[in-house]
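In: Build me a structure from this.
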Amino acid sequence: MDTFKKITLDEQALFTEILNATDSMASEYTFSYLYMWRRNYNLSYAIIEDHLCLVSRSKTYPAFSFCPLPVDGNHDPVKFEKAIEAIESYFEQNDIPVLFGRIEEKKLPFFKEVYGDRIQIESLDSTSDYVYNAKDLITLEGKKFSKKRNHINQFMRRYGEYEYTPVNESNLHECKRILEEWAEKNETNIDEEISEKVACKELCNNWGTFPLKGALIKVNGRYEAFTIGEQLNPEAAVIHIEKGNTDIHGIYTVINRDFCANEWSQVKYINRQEDLGIKGLRKSKLSYNPAFMVEKFLVKVSH
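Out: So this is what the prediction gives:
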């Protein structure tokens, strides 16, 4: 069996080719995402039977394998089963229960073909992605977005003119400063390996390496919010980061709308990732009226 090894920047071309061949709307399927969160997941990978196999051995939640991804995007039942067997062997060698996590609903039949009745499937609501019509986020039209328009109106009445600026190498330090200020309020005494600040900084530190777009919002002469995303597939973009000064009412609504309007008007959908089971985050994501959810599941294997 191939040896599992850590992800480095050297794997970007390999991963990107495989991920681009994957017919998926799931937010995990960009190299930027996997790289920025590699410490949190404690990720390792191997190419087995022409499949990209990713294993997470996090310190904060049970170890699991992502769904093996065919390098050419085409499902081969025989090779898929051999890749699954290799992953199962790896888990058994390390005395870890065999789990497959963040599995999209459309991929569940692949596991049923391999395991039959030996699997138990559980919904993972906290990891399901919220996907929106890009047009909705740009126009905020209709009664269902009246509260969002009110937030922007309040922002405009209080702060008047503001400045929208694309992120580039010359202003990345402003993104890092906003991130530090956010972390001081939200991430005290958090281990570096699971820190959102550390993960987000990976994108800033490797800005020229990844195919990213970003934006900053300046209010009263000071940058107060930033966001970063990228193209997920031909139809959709995914938002990796959105951080701002919560003392400025409406700034999140403004940057979300303006980023979509300026950078993502050509795509049909915007994936704004999961809610992590956080009540306030779930309420916020639902308030933008998602077009659909990318539901994900946990697959437990019994012997």
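In: any idea how far Arg38 is from the residue nearest to Asp50 when sequence neighbours are not counted?
Out: Leaving aside its chain neighbours, Asp50 sits nearest to Val71 (4.9 Å; criterion: C-beta to C-beta, 6 or more residues apart in numbering). For the C-beta atoms, the positions are set from N, CA and C on the backbone; glycine is no exception. Shown here: Val71 relative to Arg38, a distance of 20 Å by C-beta to C-beta, to the nearest Å.
In: Between the two, which is the more surrounded one?
Out: Taking neighbours as other C-beta atoms under 10 Å, Val71 and Arg38 compare with Arg38 leading, 20 against 16.
In: backbone phi and psi for the nearest residue to that one once chain neighbours are set aside, please?
Out: Here the nearest residue to Arg38 in space, its sequence neighbours aside, is Ile7; by C-beta to C-beta, 6+ apart that works out to 5.0 Å. Main-chain torsions, Ile7, degrees, to the nearest 10: phi -80, psi 130.
In: Could you give the separation between the terminal residues of stretch 84-104?
Out: Stretch 84-104 has its terminal residues 16 Å apart, counting by C-alpha to C-alpha, to the nearest Å.
In: Other residues contacting it?
Out: Residues outside stretch 84-104 that contact it (C-beta atoms under 8 Å, 6 or more residues apart in numbering): 1-2, 4, 24, 26, 28, 46, 48-49, 53, 55-57, 62-68, 111, 114, 124, 127, 294-301.
In: tell me the pLDDT at Phe111?
Out: At Phe111, the model reports a pLDDT of 97.
In: right, I mislabeled it, should have said Asn289
Out: With respect to pLDDT, Asn289 has a value of 97.
In: what do you get for Glu193?
Out: pLDDT, Glu193: 76.
In: helix, strand or coil for it?
Out: helix (DSSP: H, G, I helix; E, B strand; the rest coil).
In: got a list of what Glu181 touches?
Out: By C-beta under 8 Å, 6+ apart, the contact list for Glu181 reads Asn245.
In: hmm, back to that, whichever of the contacts of stretch 84-104 end up buried, select them in ChimeraX.
Out: Restricted to buried positions by 16 or more other C-beta atoms under 10 Å, the ChimeraX selection for the contacts of stretch 84-104 reads:
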select :4,24,26,28,46,48,49,53,55,56,57,63,64,65,66,67,68,111,114,127,294,295,296,297,298,299,300,301
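In: Which members of the contacts of stretch 84-104 occur in helices, if any?
Out: Among the contacts of stretch 84-104, the members falling in helices (DSSP state H) are Phe111, Val114.
In: rewinding a little: got a list of what the residue nearest to Arg38 touches?
Out: Phe15, Leu34, Tyr35, Arg38, Leu43, Ser44, Tyr45 are the contacts of Ile7 under C-beta under 8 Å, 6+ apart.
In: try 10 Å this time
Out: Contact analysis of Ile7 by C-beta atoms under 10 Å, 6 or more residues apart in numbering lists Phe15, Phe31, Leu34, Tyr35, Trp37, Arg38, Tyr41, Leu43, Ser44, Tyr45, Leu54.
In: Equivalent analysis for Leu34, please.
Out: Neighbour list for Leu34: Ile7, Glu11, Gln12, Phe15, Leu19, Glu28, Tyr41, Leu43, Tyr45, Leu54, Phe66 [criterion: C-beta under 10 Å, 6+ apart].
In: what about the strands in the stretch 151-300 of the chain?
Out: For the stretch 151-300 of the chain, the strands defined by DSSP state E, counting those that start in this stretch cover 162-166, 213-219, 222-233, 236-244, 269-271, 292-294, 296-301.
In: Tell me the first helix or strand C-terminal of the longest helix along the chain.
Out: Counting residues, the longest helix found in the chain (DSSP H) is helix 77-93. As assigned by DSSP states H and E, the chain's next helix or strand after helix 77-93 is strand 99-104.
In: what mean pLDDT does that next one have?
Out: Per-residue scores along strand 99-104 average to 97.
In: Could you tell me the angle between that strand and helix 77-93?
Out: 140 degrees (axes from the mean of the first three to the mean of the last three C-alpha atoms, to 10 degrees).
In: Now strand 99-104: buried residues?
Out: Neighbour counts over strand 99-104 (16+ other C-beta under 10 Å) mark Phe100, Gly101, Arg102, Ile103, Glu104 as buried.
In: Work out the gap between it and the centre of the chain.
Out: In terms of C-alpha atoms, centre = their mean, to the nearest Å, the centre of strand 99-104 is found 15 Å from the chain centre.
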